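Trainee: sequence-free structure coming up:
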């Protein structure tokens with residue numbers, strides 16, 4: 001009963017609606033018609049099946065060609081993207097668009113009236129000649145591609161003021177998509193579990209701005225679980241995640257697919273003691289509700305905002321110990337996600 005209740009909640013409350021999916025498809029198609037389908041690739045959580053509703057943004061990788069330069073000049077690609085979009089882009093569904101040229105990307109903001117409805121970031125990427133195990137290209141991109149949209153804007157503001165700069169990194173976004181396709185093809189509970197985890201994360205972020213757990217980090221933990229055990233069910237996957245979460249935020253430990261010298265969870269090394277405590281308090285509250293959940297009631301009781309807020313903002317350090325399921329170490333086996 002618990003598994004079915006959680007699957008139902010994931011589908012009915014977290015999965016983007018058909019209308020939302022249609023809008024994303026229409027926006028992406030409008031961009032591809034202008035920039036060329038062969039040069040564009042949708043990346044991020046949506047093509048990995050793990051986006052939750054309502055989707056607010058779309059990331060598009062633009063193939064800018066081949067380069068061995070460790071810091072490619074983005075100006076030519078940015079100029080090409082911006083010129084074509086400014087001349088030809090027509091927003092779908094009666095939306096109004098504003099195109100903004102950044103130093104390392106081009107953004108499209110879509111409005112209905114004065115209300116901002118959706119954002120698109122188009123980021124140039126240079127092929128390096130390297131390939132992953134799926135024969136996908138490994139790219140060099142501006143490092144802001146690993147940031148969320150709000151964080152990107154803050155980064156650009158600092159760059160504009162001359163107090164920050166943008167570096168380049170290796171990335172394998174298509175490899176992450178193919179890995180998600182593979183894992184999800186073996187067990188649909190992968191995407192459902194990840195969405196439930198993200199639903200909890202979103203509620204916790206709303207309750208306390210010091211809650212700093214990142215969605216991509218969370219997703220890669222679930223990816224490892226379902227790669228290790230393709231028969232895992234949603235309830236057991238969630239219990240495992242929340243039991244082991246203190247270990248996952250204790251230090252960075254998940255190598256990037258494109259660059260094993262860089263961890264995708266490196267941000268946890270910079271968390272303050274209080275920020276870790278905020279994550280653990282929110283985890284303690286949810287794990288308590290999850291263990292008591294029998295499945296006879298709607299799973300929404302697990303995600304009630306008031307419960308999340310009460311525990312995420314409470315003072316004091318968590319008393320709950322970190323539990324390792326069935327004695328399994330949470331140290332991932334490098335190369336992680338392959």
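Mentor: Received it, and whenever you're ready, just let me know what you need. Computed from a predicted structure; not experimentally measured.
Trainee: Give me the average confidence score over the helix or strand hosting residue 202.
Mentor: Using DSSP states H and E, residue 202 falls within helix 189-207. For helix 189-207, mean pLDDT is 96.
Trainee: Next: stretch 165-179.
Mentor: Per-residue scores along stretch 165-179 average to 94.
Trainee: Now it: buried residues?
Mentor: Buried residues in stretch 165-179, counted by 16 or more other C-beta atoms under 10 Å: 166, 168-179. (Each C-beta comes from the backbone N, C-alpha and C, glycine too.)
Trainee: Let me see the residues that make contact with that stretch.
Mentor: For stretch 165-179, the external contacting residues (C-beta atoms under 8 Å, 6 or more residues apart in numbering) are 41, 43-44, 47-48, 61, 70-72, 103-104, 125, 128, 130, 132-134, 136-146, 155, 159, 223, 256-259, 262, 337-338.
Trainee: which stretches of this protein have low pLDDT?
Mentor: Along the chain, segments meeting pLDDT under 70 span 149, 305-338.
Trainee: do that again at 80, thanks
Mentor: Residues of the chain meeting the criterion pLDDT under 80: 144-157, 159-165, 304-338.
Trainee: mind giving me the domain ranges of it?
Mentor: Residue ranges for the domains of the chain, per automatic domain parsing: 16-173, 187-327.
Trainee: okay but residue 44 is in contact with residue 55, surely?
Mentor: No - using C-beta atoms under 8 Å, residue 44 is not in contact with residue 55, being 9.5 Å away.
Trainee: more neighbours, the two?
Mentor: residue 44 (21 against 17; other C-beta atoms under 10 Å).
Trainee: who's in contact with that one?
Mentor: 51, 57-59, 173.
Trainee: Now it: phi and psi?
Mentor: phi 100, psi -170 (degrees, to the nearest 10).
Trainee: which residue ranges form the helices in the stretch 151-300 of the chain?
Mentor: Taking DSSP state H, counting those that start in this stretch to define them, one finds helices in the stretch 151-300 of the chain at 173-186, 189-207, 215-228, 234-248, 273-292.
Trainee: ranking those helices by burial, who's on top?
Mentor: helix 189-207 (a mean of 24; mean count of other C-beta atoms under 10 Å).
Trainee: Check which helices and strands that one is in contact with.
Mentor: Packing contacts for helix 189-207, counted by 3 or more C-beta pairs under 8 Å, 6 or more residues apart in numbering; DSSP states H and E, involve helix 2-9, helix 173-186, helix 215-228, helix 234-248, helix 273-292, helix 305-312.
Trainee: Distance to residue 83 added to those, as a markdown table?
Mentor: Shown next, in a markdown table, are those (distance: least, C-beta to C-beta, whole Å):
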| stretch | distance to residue 83 |
| --- | --- |
| helix 2-9 | 45 |
| helix 173-186 | 25 |
| helix 215-228 | 32 |
| helix 234-248 | 44 |
| helix 273-292 | 43 |
| helix 305-312 | 45 |
